[in-house]
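Student: Model the structure of this input:
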Amino acid sequence: MNAVRECMDTHFEIKANASLFEAIRPIVEHDCILVRDTGNKVSGIVTTADLSEQFAKLGEPFLLLGQVENHSRDLIAGKFTKRELKEARDPSDSDREVEDVADLTLGEYLRLLQEPKQWDKLGIKVDRERFIHELDGVRQIRNDVMHFDPDGVGDEALATLRRFALFLQRLRHLAPDGS
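Tutor: Residues are numbered from 1 along each chain as shown. From the prediction side, this is the model:
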């Protein structure tokens with residue numbers, strides 16, 4: 001008969017103050033690691049499922065923002081002259097070249113679409129003021145995400161991103177030219 005210790009796998013440990021990046025490889029290689037606190041007591045276990053959940057939490061805002069920017073760009077593309085796009089450029093960034101809609105920022109999309117005559121060029125039956133308000137909210141969330149706000153993205157902000165990305169996706173299918 002074998003002793004229990006003879007059947008046990010070697011465990012792997014990491015200090016509680018270690019960075020997530022230090023922990024990735026050992027977690028992936030061994031499915032889990034033990035975490036030791038500052039008093040050298042085992043204070044927890046981190047598994048590949050925990051790691052996946054953390055990356056989803058960190059990555060989802062970036063993916064949703066990418067969707068919002070891509071759908072917004074598709075909505076605007078081909079509807080404005082190069083001159084109109086340049087006029088939407090941030091005045092404090094006048095040296096930056098603007099050749100097409102892909103050269104604009106989310107804030108510049110707002111600047112472009114705030115004008116009713118510009119909005120009309122989209123040919124969509126959506127309340128302009130509401131759209132601008134929602135897009136501006138996404139812009140603010142984007143700034144927090146891209147500047148690595150230490151509080152991260154809260155549930156409400158994440159819900160806003162999900163909702164607006166889905167709205168733009170649906171709107172894209174309803175657009176007059178099908179873009």
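Student: Please make it C-alpha for all contacts and neighbour counts, starting now.
Tutor: Will do.
Student: which stretch of helix or strand covers the spatially most central residue of the chain?
Tutor: The C-alpha lying nearest the average C-alpha coordinate of the chain belongs to residue 62 (Cα atoms, centre = their mean; 1.9 Å). Using DSSP states H and E, residue 62 sits in helix 48-76.
Student: same for that helix, what does it pack against?
Tutor: helix 20-30, helix 128-146, helix 155-174 (3 or more Cα pairs under 8 Å, 6 or more residues apart in numbering; DSSP states H and E).
Student: Could you list the low-pLDDT ranges of the protein?
Tutor: 149-151, 175-179 (pLDDT under 70).
Student: Break it into its domains for me.
Tutor: 4-49, 56-174 (automatic domain parsing).
Student: Tell me the gap between the shortest one and the middle of its chain.
Tutor: Pointing back at domain 4-49 there. 29 Å (Cα atoms, centre = their mean, to the nearest Å).
Student: Give me the neighbour count for residue 77.
Tutor: In terms of burial, residue 77 registers 16 neighbours under the definition other Cα atoms under 10 Å.
Student: for the closest residue to it other than its chain neighbours, what are its contacts?
Tutor: Once flanking residues are discounted, residue 77 sits nearest to residue 101: 6.0 Å by Cα to Cα, 6 or more residues apart in numbering. Shown in contact with residue 101 (Cα atoms under 8 Å, 6 or more residues apart in numbering): 73, 76-77, 85.
Student: so can I have a markdown table of the residues you listed showing distance to residue 143?
Tutor: Shown next, in a markdown table, are these (distance: Cα to Cα, whole Å):
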| residue | distance to residue 143 |
| --- | --- |
| 73 | 18 |
| 76 | 21 |
| 77 | 23 |
| 85 | 22 |
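Student: Relative to residue 159, how far out is the residue nearest to the centre of the chain?
Tutor: 13 Å (Cα to Cα, to the nearest Å).
Student: Kindly report the same for residue 152.
Tutor: 14 Å.
Student: looking at it, residue 16 is touching residue 37, isn't it?
Tutor: Yes. Assessed by Cα atoms under 8 Å, residue 16 is found in contact with residue 37 at 5.1 Å.
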